[in-house]
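S.K.: Fold the following and give me the result.
(one chain, ligands or ions: 2)
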Amino acid sequence: MASDTPDIRLTGLTKVYGDVVAVADIDLEVERGEFFTMLGPSGSGKTTTLRMIAGFEDPTSGSIELAGADVGRTPPYDRAVNTVFQDYALFPHMSVGENVAYGMRVARVGKRERARRRDEALKMVRLAEYGDRKPAELSGGQRQRVALARAIVNQPEVLLLDEPLGALDLKLREQMQVELKAIQRDVGITFVYVTHDQDEALTMSDRIAVFNQGRIEQVSTPVELYERPATAFVAGFVGVSNLLERDGRRFTIRPEKVRRLEPGAPPGDLLTESGTVSDIAYAGMVTRYRVELERGGHLQMVTQNVEGAPGDPESERGEEVLVGWRPEHAVAVSGKKLTEEESE
Ligand code: ADP
Ligand code: MG
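M.R.: Ligands and ions are numbered 1, 2, ... in the order given. This is a model prediction of the structure:
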């Protein structure tokens, strides 16, 4: 097989339930060994897409290729794909090691081989010392890693993960994001990761597809997605939207690219506008400002609290300010206008 064959290729993939179009004619290629993320709000079609790749759901139309072969007629258990769900579904009465080895026992893998692969998988997820424990004796993050080991042990080409960290609290989730990424790098398996959390997607992924109402709005690297959002929807969903319309063009500027200038200061190569501070929120590391612009619209601006906390934030409300940004940081976007709620 040529190495430039994508690991997963979706062509015109569509799924309709009654009068709901869950997935609408998507085309997508995932490369071998990639950490690929499907990002989008609830109901945008991520899980349905994942379930069709796994074979749990038949497409209404379109095709799915795995490693270059059409799997339209291949049942789930014959696809070189494994799925990790959010509710890890570990057997409570079995030890961690037994849980990991269970699938191999069912598949009648020999005892020696079973033990070897089990130990290797537990080592991969950094649970080598935990094989004899019961799931109840583990933390949430450790249980998630057991679920991961149980999938890795089958040596799939592709691992599908549907919001696997959704049940964990924020601190643990952030820690697991780093670990998951490291594990993926170690095992070299292609990961297709579903999340609605933009920070998670940006932190972990090689590439991200942004889903909206069953369609894909943009596929690109995290940097590209954040710095050059293609549509108003992407700009607003990945980060703060900061959408402005000027001279019939619509563009977006990230809050950290907007600076506050001294009134009357020479703008240099910055584009500037004047406005009024309407809201200030001190958030520890940063302070966020909302500025109502004279020419219409508003911008969020964020400043690092390098010198410590700002003075009394309340005193700045209503202050007239000059804000500026570099021309290249104003990114033209297409797509329908966001609703007031989406643009907050
Ligand atoms: P996501 O995972 O992005 O939250 P889903 O793929 O679960 O989105 O759902 C996409 C759309 O398809 C939603 O409108 C959902 O209600 C609908 N849907 C998903 N599964 C079914 C089903 N089995 N029957 C009917 N509608 C479904
Ligand atoms: Mg889902």
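S.K.: all contacts plus neighbour counts: C-alpha atoms, from now on.
M.R.: OK.
S.K.: Next, the nearest residue to residue 131 once chain neighbours are set aside: phi, psi?
M.R.: Of all residues beyond its chain neighbours, the one nearest residue 131 is residue 97 (4.4 Å), with distances taken as Cα to Cα, 6 or more residues apart in numbering. Geometry field for residue 97 lists phi and psi as phi -60, psi -40, criterion degrees, to the nearest 10.
S.K.: residues contacting residue 97?
M.R.: Taking Cα atoms under 8 Å, 6 or more residues apart in numbering, we find residue 97 in contact with 118, 119, 122, 130, 131, 132.
S.K.: What segments of the stretch 151-300 of the chain are strands?
M.R.: Taking DSSP state E, counting those that start in this stretch as the criterion, the stretch 151-300 of the chain carries its strands at 158-162, 190-195, 207-212, 215-220, 243-246, 249-252, 259-261, 271-282, 286-293, 298-304.
S.K.: Let me see the contact set for the residue of the chain positioned farthest from its centre.
M.R.: For the chain, the residue at maximal distance from the C-alpha centroid (Cα atoms, centre = their mean) is residue 264, at 42.1 Å. For residue 264, the set of contacting residues under the criterion of Cα under 8 Å, 6+ apart is empty.
S.K.: Report the separation between it and residue 309.
M.R.: 25 Å (Cα to Cα, to the nearest Å).
S.K.: Ok, residue 72 next?
M.R.: As defined by Cα to Cα, residue 72 lies at a distance of 59 Å from residue 309.
S.K.: do residue 256 as well
M.R.: Residue 256 is 17 Å from residue 309, by Cα to Cα.
S.K.: Can you tell me which residue is spatially central in the protein?
M.R.: Per Cα atoms, centre = their mean, the C-alpha nearest to the average position across the chain is that of residue 201, at 2.4 Å.
S.K.: pretty sure that residue contacts residue 208?
M.R.: Yes: with contact taken as Cα atoms under 8 Å, residue 201 and residue 208 are classed as touching, separated by 7.0 Å.
S.K.: Please work out how many residues are found near the nearest residue to the residue nearest to the centre of the chain once chain neighbours are set aside.
M.R.: Sequence neighbours aside, residue 37 is the residue nearest to residue 201 in space, at 6.3 Å (criterion: Cα to Cα, 6+ apart). In terms of burial, residue 37 registers 30 neighbours under the definition other Cα atoms under 10 Å.
S.K.: Residue 37 touches residue 192, doesn't it?
M.R.: Yes: the pair residue 37 and residue 192 passes the contact test of Cα under 8 Å, sitting 5.7 Å apart.
S.K.: right, so of the strands of the stretch 151-300 of the chain, which gets closest to residue 231?
M.R.: Taking Cα to Cα as the criterion, residue 231 comes closest to strand 215-220 out of these, the separation being 7.1 Å.
S.K.: related to what we said a few turns ago, ok, so of the contacts of residue 97, who is nearest ligand 1?
M.R.: Closest approach to ligand 1 among those (Cα to the nearest ligand atom): residue 122, at 29.1 Å.
S.K.: A helix includes that closest one, no?
M.R.: Yes: using DSSP: H, G, I helix; E, B strand; the rest coil, the secondary structure at residue 122 is a helix.
S.K.: So residue 209 sits against residue 30, correct?
M.R.: No: assessed by Cα under 8 Å, residue 209 is found out of contact with residue 30, at 10.2 Å.
S.K.: Spit out the residues that contact the two alike.
M.R.: The contact sets of residue 209 and residue 30 overlap at residue 36 (Cα under 8 Å, 6+ apart).
S.K.: about what we covered before: what do residue 201 and residue 208 both touch?
M.R.: Here residue 201 and residue 208 have 37, 39, 222 as joint contacts, going by Cα under 8 Å, 6+ apart.
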